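Peer 1: here is my input, please return the structure:
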Amino acid sequence: MTAASVVVARDTCGRLRAMAPKPRKREPQLRSIETREKLLTGAVECLVKYGYAGTTTNTLCEVSGISRGGQQHHFPTREGLIITAVEHLTARVIEIVRNGAENISPNEDPVSAVLKLLWDGFSDRWFSAAYELWVAARTDETLRAVFIPAERSAGRAILKLCLEVLPRDITEQECFNLNLQCTINMMHGLALTHIIRTDEMVEAYTLSLCREILLGKLRVS
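Peer 2: Here you go, the predicted model:
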């Protein structure tokens with residue numbers, strides 16, 4: 001026990017005694033941050049489990065373990081919570097990409113490493129939440145206004161990863177950005193199929209085509 005943590009008080013006989021201080025309660029700001037994080041994580045989990053239409057305020061509170069009052073304090077409307085969840089999900093994708101890039105070994109083939117990292121992200125169960133939002137944004141202008149910039153932010157993170165990891169003879173190709181976008185589009189389509197069913201042969205073949213595209217070996221004349 002340090003001197004700063006000692007509390008001096010008198011006992012029933014009037015003698016001075018050193019007493020341990022009462023444990024401090026968590027700061028209100030910390031509790032507020034934790035509640036907000038639980039709500040956002042719960043929103044993404046609801047999107048995965050129940051889809052966009054099934055992500056109601058009741059299911060949000062049930063999954064996150066936060067009361068209705070707590071939810072309304074942080075996010076008065078369901079729409080506000082969903083929109084913030086888009087940004088939360090985007091930050092998660094960017095973090096996964098960043099962490100994955102840091103863990104690529106110098107001994108690995110960089111193209112295979114990048115493709116594996118991208119596919120691991122697109123085929124992750126959490127990414128199905130993004131697809132729910134993608135479809136919903138087609139007819140929801142408010143959601144679309146948030147989702148499009150979020151998607152572009154994730155795209156910039158992927159491009160940055162490729163520029164850092166891939167050899168210059170690949171990234172300096174005239175059509176590299178277009179090749180990368182085509183690769184991502186193919187993975188998106190494959191990931192959509194992956195949500196419903198898995199065909200390892202088709203996945204392997206598609207990823208091999210992605211490799212050829214990224215290398216600049218497949219071109220449309």
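Peer 1: ok so residue 139 is a strand residue?
Peer 2: No: assignment of residue 139 by DSSP: H, G, I helix; E, B strand; the rest coil gives coil, placing it outside any strand.
Peer 1: how many residues are close by it?
Peer 2: Counted with other Cβ atoms under 10 Å, the neighbours of residue 139 add up to 8. Placement of C-beta: from N, CA and C, glycine included.
Peer 1: same question, residue 114
Peer 2: Around residue 114 there are 27 residues (other Cβ under 10 Å).
Peer 1: please, where are all the helices along the chain?
Peer 2: With helices called from DSSP state H, the chain shows them at 28-54, 57-64, 68-74, 78-102, 110-122, 127-137, 141-165, 168-171, 176-196, 200-214.
Peer 1: OK, contacts around the residue nearest to residue 87 when sequence neighbours are not counted?
Peer 2: Computed as Cβ to Cβ, 6 or more residues apart in numbering, the closest residue to residue 87 that is not its neighbour in sequence is residue 150, at 6.0 Å. Residue 150 makes contacts with 86-87, 89-90, as judged by Cβ atoms under 8 Å, 6 or more residues apart in numbering.
Peer 1: buried ones from these, can you make that a PyMOL selection?
Peer 2: The PyMOL selection below is limited to those of those classed as buried (16 or more other Cβ atoms under 10 Å):
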select buried, resi 86+89+90
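Peer 1: for the protein, which residue is closest to the average position?
Peer 2: residue 92 (2.3 Å; Cα atoms, centre = their mean).
Peer 1: ok, for that one, nearest residue in space, not its chain neighbours?
Peer 2: residue 126 (6.9 Å).
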